[in-house]
Each structure stands twice: as structure tokens, then as C-alpha cells.
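Asks: Quick one: sequence plus predicted model below, questions after.
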Amino acid sequence: MDPVNILIVDDREENIIALEALLKRDDINILSTTSPNDALRIAWENPISVALIDVQMPEIDGFELVEMLKANPRTKDILIIFVTAISKDSKYAVKGLGAGAVDYLYKPLDPYITSAKVDAFIQLARSQKEIKVKNEDLQNYAIMVKNSADIIATIDAQTLRIQTINPAVEKILGYQPQEVIKKSIIDLATEKDQAAFRKKLSEIINNNLNFAVAEYQFETFDKRLVWVECRCSYRNKVVFMNISDVSPQKSFQAQLIKSKEAAEYGKKVKENFLANMSHELRTPINGIIGLTNILRKTELDTQQTNLIDLLEVSSKSLLGVINDVLDISKIEAGKFSIVRTANNMHKAVQAVYDLLKYKADEKNIELILDLAPDVPENLLFDSLRLNQILMNLLSNAIKFTEHGYVKLQVHVIQKMNNNVKLKFSVIDSGIGIQADRLATIFNSFEQAEEDTTSKYGGTGLGLTIVKRLIELKGGELTVNSQLGSGSVFNFTNWYNIVDAPKPETQDADKKSSKLQPFSDVKILVAEDNLVNQFMLSKMLKDWNITFDIVDNGRKVLDKLQGNNYDLILMDTHMPEMNGYQAAKAIRLDFVEPKRSIPIISLSAATFDHEQQQALTAGMNEVLAKPFQPHELHERIQRLLNTQPA
């Protein structure tokens, strides 16, 4: 508790000393003077609560001093006690009280009376101070309520009628304050919201809630509908309510929801388009690659063999472009995953080098491999995606280097326990990149120069995919380049050192070995593309398999009704009834053993959710187009649990 300031004014020093000794307490701060003029200064500079003033003083007496104090707004509230030795005649008392004093102390002073009176006036001064502070607060609250942008109202808890309301009701609802006083607050809500509003207020009152919030629609004076947020508090049979107009926020939320729905719909449309594009583009490529494999088994002269080689290179090049577009779409859709397994890093890097060596030799460029001996052989990484990164970076470097060299460098830059940080660098002596273009070369469909596409070709997606893949793997890609002097692409990443992966049968062995025929196997093929029908029929004939071919899912069900098959090869995208629908119908509508017939999905789909959709529909395996004959042969053998004849 702050001490109370008491002013003592007496022309005799000994009187002041006596009073100070009498009144000295911890909760009192005494200021004293023998000069009335000095007393005015002290009262002006300090918040004085009580003043003990001698009546008889030279120059200015006590009555005149009090009149001056009461005339000043800053000192008019000081409680004045006159201290006097003159007669107790009532005329003097009246004169003092008329001047503004509240009491008299008569000399000689009685210690008990003096102390009691001063204590009483100290308590009065404290009360007056508290009242003054509370009045100021109330005035501030009144100003705030009056000028608030929100409606602030008090509601009778028994009748729910409005007791007080501020002018904001006119701005928000169009009513004058006096028009809604004594009106039920429920009537302001729309008819459909009134029951819920009443129920909410009953809950607040019955549970004596200090705070609750809810949103309703109110009807304005001119019959418009506005959304409001009601923040309520209950106390002493009164509901205090703050009502905010939240119509703009509601409108914004509605727009956000609409935009979100439109974005989700657009995303779905894009995914469907990409899925269809994947099917429509990869299906004919599957046919081309399949036909080239069939043609290779016929008698060909040297010129025809060369043409077949060119056909295969062109189809694989087209497939690479399609894969680039689909990969970037998967990454942007957040449906691209990194699958880390135990692999041999040395072999993975060497394989990329060997694959691109012939391209460098064709351009008379030296392709250098600098694989540091301290790079651990067996690491945990996604070999497919690392291959894709290195192939893109090295292919770019070879493409944009006319003479000189391209170097692939792999070094260890840090090692901690069972983890190693590797730095991959692709360095070339090519055309280089302008400094102002370095930031844009990683953007989709952008290249270093405007004429790069016409001069060198490419989609402008390679570096975008590389950057996204490296980021997905948790790595970092940087580039340094000087126009006319070459470029350096670096990326770093941490890898876990693991034991050597178990040896697997090499695909090369599978491709080189002749695929053996089956014995007494009958297959139903569902494929609407004529080229793929021809390719599959040729494969199945070579494997001594009996088969029927239909071009939609409805015909699959019809064929299965009257015939028995060991296995179904099912395309997913077909007219009338697609492969997913046909597979579900087989699993649900047929009886055993046809209900459990093995189904292989021959789909051009590359998205994970499409492959999952095929498995969910009831298919046993998914073989993505384009595929190699040995891949299909292996799956048939595994699902039929049989050995070729």
C-alpha cells in the first residue's frame, strides 16, 4: 500500500516537530513547511491527501491559504484540518468550514484525538482516491463501449431482453439503440437460428459460464442477413454480450473453401489427365518395343537390324521424355517416394559411366570417372533415383560440351560412425551458363538460353527433376559456371554404410535365356489396343499358351461365364467397362474357383495410387507398360505356381 502524503503548515518550527512526532507512521509520508507560499508549491508538486494547517500565520493566514488551495483544480480535493489555538467560538469554525476545511484540531493537541482524526481522514482520503480511479476507469470503459465497432449489450437473464446497448447496433444492424432496448435479443437472429441461439443462452445461464462464443445469422433493419460472432459472459443475472460482424471473414472463408475445392478438383482433373496420358502414350510405345523384340527373332539382314536398333532407340527416347513429364508431375503432386535399399555404390556409379561412355566417344569427348577409393562400396540408397540424377547431369554435360572433357567425381567429405557424406561432382569444359540464368535453369521447361531447345533439344525438365530428387533424398545441389569455360554441378548427401546386398539373378541373364513354353495353360487377355493384342498373342503363342482376346471388361465377364481360364491378363483402361470394374465384379459376383482366378494388370499407369487401385480392385500383380517378355513370363509362372514344360 502506497504511503499517504500529509502536509503540515505552521509558522512555528516546534509545532511542526511536535506534530511530526505525533503522526509518524510507516503508511504516512509527512511534508512540512513554515511558509504558506512554500506550502502552495509543495501541494502543486506532490499529491497531498491531508493537510494540517495553522490558522494564525503572518502574511497569509490559514483561511486564505485554504481558499487558494480550493481554488486550484489540482489541489481542491485535499482534506483540510485546521490546527488552531484561538477561541473555539462557532464563528471561527464556520469560517474555516466555509473556506473548505473538514475539521478542527485545537491546541494544546490531544494525542489520542489528533491521531484518531488524522487516521480517519487518511482512510477517507484512500477511499476518495480509489473512487476517483474507479470513476476514471468507468469513464474510459464508457468511452470504449460507446465508440466500439462491436455491439456491446447487457441482457436480462430471465427475460433475455436487452437492457443496454451501444451505438454500434446502428452501424451493424441498422437499428437505433432505443429501438432495441427491452426487445428480446433472440428476435435479432434469423428464424432458423433462433432456437439454437436460445438454447446457447440457456446453457450459458444454467451453467453460470464466464465465457462462451457462437456464430449466428442476424437480420438487419433493411432485411439483410449478416453473420455475427456472439461472445457471452454471465454474472449476477445479467448476460454481457459482445457481438462482432464477421460477414467479411465468412465470405472470405467461403471463397477459400471454394478455391480449395476448385484446386482439389483441378488437381484431380490433372491427375486423371496424366493417368490417361500415361496410358495413351505408353501403350503404343509398349507395342513398338514389343514389336521390335518380335522382329529381332525373325531373319534380318544387316540393314534391317540397324533399322530395328534405330526404332528401339527412338522409342526409348520417347519413353524417356514421357517419364520426365510424369516424374515432375508426381513430384509436384507429392506422390513421389524415395525407396532406399542396400546397393553397391561403386557398381551404380560405374554403370552410369559405362552407359554414357559411348555418347562421349561419339562426340570425341573424354569421359573421366574419379571414384575415390575411400568411398564405401555398400550403402543405403535409392539406386534408381541416383541413376536418374547422374544420367541427367552427365547427359546434360555431354550434350553441352563440344570438345574437351566431362568428369564424374565422387569423394568422401565427412564420416561419422556408420554414416558417410559423399560429394558428387559433374564437371565439364562445355559452353557454360550465364550468371543471370543460373537461378532459372532449375525451373520446369526452362533452359539456359532461348535457342537452346532448337539447337540442342530437350524438354527443359532434366535439371528440375534432378533438383527435386536431390531435395527429396535430403541432399543439396549447387552449380558454378562461367560462360565459355564450362560448368560444375555438385550435390552432397549423407548415406548409411550397410552390409553387402544379397546377390540377385541378373536381368541380363533372364533376357538372354530363351523363355520356355508352358504346358496346358489357358489365358484370357483383355486389351483394347490392336498392336498390343498382336504383341501379346505372339508372345503367348511362343510360350505354347492357349488364349482368348477381348477388348473390354464386359466381354471378360461374358467369356468367364462360359469358359475356364488359368489366368487373366487385364488392361486397366478399356471402353465400356475398365479393368478395375471387371476385376471387382469377378471377385464379388463369381463363385469359386473362378472368383480366385489370378489376374495380372497390364497397365500403362505409373502413379502409385493407380497401381494400388488395381491391387485394391482384386488384381494379384501389376506389370507396368512397357514391359519385357521375361517379366510377363516370370509373373505367369509365379502365379500359376508351375514350371514351364
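Replies: Structure received.
Asks: Within the helices and strands, which one has residue 355?
Replies: Here residue 355 sits within helix 345-362, counting by DSSP states H and E.
Asks: in the stretch 201-350 of the chain, which ranges drop under the pLDDT threshold?
Replies: For the stretch 201-350 of the chain, the stretches with pLDDT under 70 are 271, 274-275, 277-279, 313, 316-317, 320-321, 323-337.
Asks: Just the strands from it, written as ranges.
Replies: Chain-ordered strands for the stretch 201-350 of the chain, with DSSP state E, counting those that start in this stretch as the definition, fall at 212-219, 225-235, 238-245, 341-344.
Asks: Same list (the ones you listed) but as JSON lines, adding mean neighbour count and distance to residue 438.
Replies: To be clear about C-beta, it is placed using only N, CA and C from the backbone, and glycine gets the same treatment. Conversion of those to JSON lines gives the following (neighbours: other C-beta atoms under 10 Å; distance: least, C-beta to C-beta, whole Å):
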{"stretch": "strand 212-219", "mean neighbour count": "17", "distance to residue 438": "51"}
{"stretch": "strand 225-235", "mean neighbour count": "18", "distance to residue 438": "50"}
{"stretch": "strand 238-245", "mean neighbour count": "19", "distance to residue 438": "51"}
{"stretch": "strand 341-344", "mean neighbour count": "16", "distance to residue 438": "32"}
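Asks: which stretch among those comes nearest residue 371?
Replies: For residue 371, the closest of the strands of the stretch 201-350 of the chain is strand 341-344, at 11.8 Å, according to C-beta to C-beta.
Asks: strand partners of the closest one, parallel vs antiparallel please.
Replies: Strand 341-344 sits in its sheet next to strand 378-381 (antiparallel), going by DSSP bridges.
Asks: Just checking, which helix or strand succeeds the partner strand along the chain?
Replies: Next in sequence after strand 378-381, counting helices and strands by DSSP H and E, comes helix 383-399.
Asks: ok and that next one relative to helix 345-362, angle-wise?
Replies: Here the directions of helix 383-399 and helix 345-362 differ by 30 degrees (axes from the mean of the first three to the mean of the last three C-alpha atoms, to 10 degrees).
Asks: Pull helix 383-399 out as CSV, backbone CA atoms only.
Replies: The C-alpha trace of helix 383-399 is given here as CSV (Å, rounded to 0.1, in the frame of the first residue of the first chain):
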residue,chain,number,x,y,z
SER,A,383,19.7,-46.8,-56.9
LEU,A,384,17.0,-46.0,-59.5
ARG,A,385,16.8,-42.3,-58.5
LEU,A,386,20.6,-41.9,-58.1
ASN,A,387,21.0,-43.4,-61.6
GLN,A,388,18.4,-40.9,-62.8
ILE,A,389,20.2,-37.9,-61.2
LEU,A,390,23.7,-38.9,-62.5
MET,A,391,22.3,-39.8,-66.0
ASN,A,392,20.6,-36.4,-66.3
LEU,A,393,23.6,-34.4,-65.1
LEU,A,394,26.1,-36.3,-67.3
SER,A,395,23.8,-36.4,-70.3
ASN,A,396,23.5,-32.6,-70.0
ALA,A,397,27.2,-32.1,-69.6
ILE,A,398,27.9,-34.3,-72.7
LYS,A,399,25.2,-32.5,-74.7
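Asks: Show me what it is packed against.
Replies: In terms of contacts (3 or more C-beta pairs under 8 Å, 6 or more residues apart in numbering; DSSP states H and E), helix 383-399 is packed against helix 345-362, strand 405-416, strand 419-428, helix 462-472, strand 486-497.
Asks: tell me the angle the helix or strand just after the first one makes with strand 405-416.
Replies: Along the chain past helix 345-362, the next helix or strand (assigned with DSSP H and E) turns out to be strand 366-371. The directions of strand 366-371 and strand 405-416 differ by 10 degrees, with the same axes, to 10 degrees as the criterion.
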